[in-house]
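# Sequence plus the predicted model coming up.
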Amino acid sequence: MEAGRRGKQKAAPTLHDVARQAGVSVATASRALNGSSTRTVRPEYISRVVAAAERLGYQPHLSAQAIALGSTPTAALVVSDIDDPYFSSIASGVIVAAQAHALIPTVAVADRSPARELQIVRTLRGQRPRVIIVAGSRIDGAGTDTTLDDELQAYQAVGGRVVMVSQESLRFPTVAIDNAGGGRQLASALVSRGYRRFAVLSAARKIRTSRDRCDGFLAGLREAGMPEPLVVETRFTRDGGYEATRRLLDGGPPTVDAIVTVNDVMAIGAMTAIRDAGFTPGRDVGVAGFDDISWCADLDPALTTVAIPLHQVGVMAMELALGDDPQQPVIRVPTSVILRDSTPSR
């Protein structure tokens, strides 16, 4: 009896059902629902087909839309690490902007691997999203930039839109954050608060975002007449900040006035390490980060940082991709210093 009921379940409506109820050909129904890059459909036919589809509960297939339009109504974002609030904040802006344009947002994670990033882009080309946004630092010596450029150029040649959120290194519209300028501003602000001896926790030099931020900070110190700081290379993560700070404090009390990190999650790790060593962040040694992720104001002490409008960066990337001038080369995003309790005046 149960099997009999299952056998009588109503089949899902097809495009033929929609066309029959709307009184049009199957080809016309397909063009009305999926769009067409070569043929137009009279408005009254579109209205009849859409109304029939809604009555029947018909859902068009993304693959059919890709064949008709050369793309699906999707927007793909490729990020280095979704666990990092820097990227999740950018993703939130991309998602909001994509939905405002009736696009379905998708997110792929490259795990900070240039090879994985390239593999994702190759896969996305086959899925035909309308937009591909690649967010993440370019990495020197990775050996993938030329091939990535070729893949994205081929995707763009058939109507896809590409935007980078990174440095101005590939031949695509780019949302470029003023990392070096932010580092320079941070140095000036901390010197004005009385700080003189610094340790800078930086990722590997090949990671351009980290390098630009570190170099900007060092330039700001030189402009202020300060001595060269101690630069410690570590991982671009919370654990990297923790481990480097523990090494700095192994010999006893801090020998620097402030520890400056090239992102906020490293600064959070540094603050934990300071406490674990028996000292107090802010009082015994200042701490400053970079990005102004959402947690910064809620830390104790609240974290001094360089603010980037990360959500807006995501929105800008999507608007740039869908704009009337897809060849607009670069949108430069300024940064600003936010001084908080982790760096009180000395």
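Yep, it's here.
# Tell me where the stretch 51-200 of the chain has strands.
Secondary structure of the stretch 51-200 of the chain by DSSP state E, counting those that start in this stretch: the strands cover 72-79, 104-109, 129-135, 161-165, 174-177, 198-202.
# list the helices and strands the last one packs on?
What it means is strand 198-202. Packing partners of strand 198-202 (3 or more Cβ pairs under 8 Å, 6 or more residues apart in numbering; DSSP states H and E): helix 208-223, strand 230-233, helix 238-249, strand 258-261. No exception for glycine: its C-beta is placed from N, CA and C like everyone else's.
# Mean pLDDT for the ones you listed - can I get that in JSON lines?
Formatted as JSON lines, those follow (pLDDT from 0 to 100):
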{"stretch": "helix 208-223", "mean pLDDT": "97"}
{"stretch": "strand 230-233", "mean pLDDT": "98"}
{"stretch": "helix 238-249", "mean pLDDT": "97"}
{"stretch": "strand 258-261", "mean pLDDT": "98"}
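# among these, which is nearest residue 290?
helix 208-223 (5.6 Å; Cβ to Cβ).
# any idea how far the nearest residue to residue 89 once chain neighbours are set aside is from residue 152?
In space, residue 89 comes closest to residue 310 once its chain neighbours are excluded; the distance is 3.6 Å by Cβ to Cβ, 6 or more residues apart in numbering. For residue 310, the distance to residue 152 (Cβ to Cβ, to the nearest Å) stands at 23 Å.
# Residue 87 now?
Using Cβ to Cβ, residue 87 is found at 19 Å from residue 152.
# circling back to that earlier point, just name the most buried of the helices and strands packed on strand 198-202.
With neighbours defined as mean count of other Cβ atoms under 10 Å, the helices and strands packed on strand 198-202 peak in mean count at strand 258-261, which reaches a mean of 30.
# And for that strand, what's in contact with it?
Strand 258-261 is touched from outside by 186, 190, 195, 197-201, 217, 229, 241, 245, 248, 267, 270, 274, 285-290, 343, with contacts defined as Cβ atoms under 8 Å, 6 or more residues apart in numbering.
# just to revisit the earlier point, so which of the strands of the stretch 51-200 of the chain is nearest residue 53?
Residue 53 lies closest, by Cβ to Cβ, to one member of the strands of the stretch 51-200 of the chain: strand 72-79, at 15.4 Å.
# what lines up beside that closest one in the sheet?
Here strand 72-79 is paired, per DSSP bridges, with strand 104-109 (parallel), strand 129-135 (parallel).
# hang on, isn't residue 155 packed against residue 126?
No: the criterion here is Cβ atoms under 8 Å, and residue 155 misses it with residue 126 at 9.9 Å.
# quick revisit: state the number of residues packed around the residue nearest to residue 89.
Applying other Cβ atoms under 10 Å, we find 23 residues neighbouring residue 310.
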